[in-house]
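Engineer: Show me how the following folds:
(2 chains)
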Amino acid sequence: DAKTTQPPSMDCAEGRAANLPCNHSTISGNEYVYWYRQIHSQGPQYIIHGLKNNETNEMASLIITEDRKSSTLILPHATLRDTAVYYCIVRMASGTYKYIFGTGTRLKVLA
Amino acid sequence: DGGITQSPKYLFRKEGQNVTLSCEQNLNHDAMYWYRQDPGQGLRLIYYSQIVNDFQKGDIAEGYSVSREKKESFPLTVTSAQKNPTAFYLCASSLNPVGNYGYTFGSGTRLTVV
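Structural biologist: This is a model prediction of the structure:
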């Protein structure tokens, strides 16, 4: 599975959009980008995933660059409850069994 | 509501004792996983099971054992052979072994060995 690079921490004002970047320059054609978040002392929560096209659900939007070497998770209107560690993971959708969780980005939403 | 339940939330044990962590899911998921998380670190895979009565070692299986006798249950035993057992343990499940629809995680068990 390809490795990912994320900034260790970010701040965002409450009500503003939070844009969390992820670099995955060695991603291969059949690997998906997954995002999870972990609120302190809880289990990670699945947010969204995508292959090539941009994706949106009720939690967030995922923007993947055309060359697929990087992506951005967007929380459109961040709230204090979005304060968490966000993990960007790249993995194949088949033939593998595990996610490789790095240390993620610690997002702090400020009042 | 469907979900995955880990118990207990906090567990204290004396050094040298075996301890079993419970993980139960009512999501009808085929696959289940155990991860370990140390402070400031990512998650590391201990064991996983794709179907009942079958399981495989993950990256850090030494000192741990599991069983999968029922689809709903995947208990983890931390044995005395695990040299540094104090950690946050997370159980997860996925609809199928590939997990391409994402994992559902439990709320974790924090084990402290004194």
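
Engineer: going forward, measure contacts and count neighbours with C-alpha atoms only.
Structural biologist: OK.

Engineer: separation between residue A:105 and residue B:18?
Structural biologist: With distances taken as Cα to Cα, to the nearest Å, residue A:105 is found 35 Å from residue B:18.

Engineer: which one of those two has more residues nearby?
Structural biologist: Remark: of residue A:105 and residue B:18, residue A:105 carries more neighbours, 21 against 15, as counted by other Cα atoms under 10 Å in any protein chain shown.

Engineer: what's across from that one in the sheet?
Structural biologist: On the basis of DSSP bridges, residue A:105 is bridged to residue A:86.

Engineer: I figured it was touching residue A:4, is that so?
Structural biologist: No. Counting by Cα atoms under 8 Å, residue A:105 stays clear of residue A:4, with 11.3 Å between them.

Engineer: Spit out the contact partners of residue B:105.
Structural biologist: Residue B:105 makes contacts with A:43-45, B:4, B:90-93, as judged by Cα atoms under 8 Å, 6 or more residues apart in numbering or on different chains.

Engineer: er, residue B:17 actually
Structural biologist: Here residue B:17 is in contact with B:79-80 (criterion: Cα under 8 Å, 6+ apart).

Engineer: 6 Å instead, please
Structural biologist: Residue B:17 sits next to residue B:80 when contact means Cα atoms under 6 Å, 6 or more residues apart in numbering or on different chains.

Engineer: Please report phi then psi for the most centrally placed residue in chain B.
Structural biologist: With distances taken as Cα atoms, centre = their mean, the residue of chain B nearest its centroid is residue B:34 (2.9 Å). Note on residue B:34: its backbone torsions stand at phi -120, psi 130 [degrees, to the nearest 10].
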